[in-house]
Each structure stands twice: as C-alpha cells, then as structure tokens.
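1. Sequence first, predicted model second:
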Amino acid sequence: MNRIEALQDCLGAEHAALFGYGALGGVLAGVPRGEPDLERARSSYAAHSALRDALTELISTKGAQPTAAAPAYHLPFALADGNSCRRLARLLERRAASVFGLAVAATVEQDRVLVATALMECVLREVAWGGVAEPFPAIPEL
C-alpha cells in the first residue's frame, strides 16, 4: 500500500464513521439536550468531520482525487436505543482505528503525524463510549 492509498483508505473510514454517527444521532436525537451520549455523539461526529475535511484537502494537495462517500452504508445491526448506539459508536471507532493503524506504516512525516494522531483519538473515543483499548489496534495478532 502506498501513501495515497493509505490516506484514501483513511478517508473512506471517515466517510463510513460519519454515516454511522449520523444514524445513531438520529436515534439519540430524542433524548434531552445535555445527555452524555448525545453530546459525545455530537463531538465524535465533529471530530470525524474535521478529519474527513483534512484528509480530503491533503489528498487533493498531493494531486489525487479524494475518495467520495458511498450513497449509503450498511449498518451491522439495528439501532433501537442508547445501548445499540453506544455499541455502534465503539465499532465505528475500532474500525477507523484499525485503518489508521495500518496507514501509519505507509505514511511519513506530517502525513504519519496526522494518521497516528487520528488513531490515538479513535481509541480514546472508543474508550469514552465504553470500549476497551487494545495495545495494537491494527495488528490483532499482537
């Protein structure tokens, strides 16, 4: 995998995360303002949106066409309540962390700083959603 492919994979992960957060946000929208899950979902969505924008700009500056978001993504299970929303958020963060973890090996300099920081932030968000951090998110055999 080359640097551009790694960045494109990261962008694809961000598109998927944003779709997932949009879906769970729709379920959480009915809870009172100020609820921790709703606020966490909003801040997670904002973080992924900012990262998507940064990756889009970075890929463009390297002369490549950024990967477009799919029209829709398949949710792995139905969202019915706060528990299923938290479960999806953990899954979204874990999947994004895995993609960013793999991208660390394919990037250098400031690109690597961006993907390594994104990896760390995904892991921290997963933990905030009730997940357990793995020592090497992109390398399950370690």
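-> Thanks, I have it. None of the values given here were measured: they were computed from a predicted structure.
2. From what I see, residue 96 and residue 11 are in contact.
-> No - using Cβ atoms under 8 Å, residue 96 makes no contact with residue 11, being 10.8 Å away. All C-beta atoms are positioned from the backbone trio N, CA, C, and that covers glycine.
3. Could you say which helix or strand holds residue 26?
-> helix 3-28 (DSSP states H and E).
4. Of residue 96 and residue 11, which one has the most company?
-> Counted by other Cβ atoms under 10 Å, residue 96 and residue 11 do not tie: residue 96 has more neighbours, with 27 against 23.
5. tell me which element that one falls in.
-> Residue-wise, residue 96 maps onto helix 82-106 under DSSP H and E.
6. contact partners of the next helix or strand after that helix?
-> Downstream of helix 82-106, the next assigned helix or strand under DSSP H and E is helix 109-128. Residues from elsewhere that reach helix 109-128 (Cβ atoms under 8 Å, 6 or more residues apart in numbering): 3, 6-7, 10, 40, 44, 47, 51, 54-55, 58, 89-90, 93-94, 96-97, 100-101, 103-104, 107, 133-134, 137-138.
7. Buried subset of those as a PyMOL selection?
-> The buried residues among the contacts of helix 109-128 can be selected in PyMOL (16 or more other Cβ atoms under 10 Å) with this line:
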select buried, resi 3+6+7+10+40+44+47+51+55+58+89+90+93+94+96+97+100+101+103+104+107+134+137+138
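8. can you give me how far the next helix-or-strand element following the helix holding residue 26 is from the chain middle?
-> Counting by DSSP H and E, the next helix or strand C-terminal to helix 3-28 is helix 36-61. Its chain's average C-alpha position is 8 Å from that of helix 36-61, according to Cα atoms, centre = their mean, to the nearest Å.
9. circling back to that earlier point, could you figure out how far the helix holding residue 26 is turned away from helix 82-106?
-> Here the directions of helix 3-28 and helix 82-106 differ by 170 degrees (axes from the mean of the first three to the mean of the last three Cα atoms, to 10 degrees).
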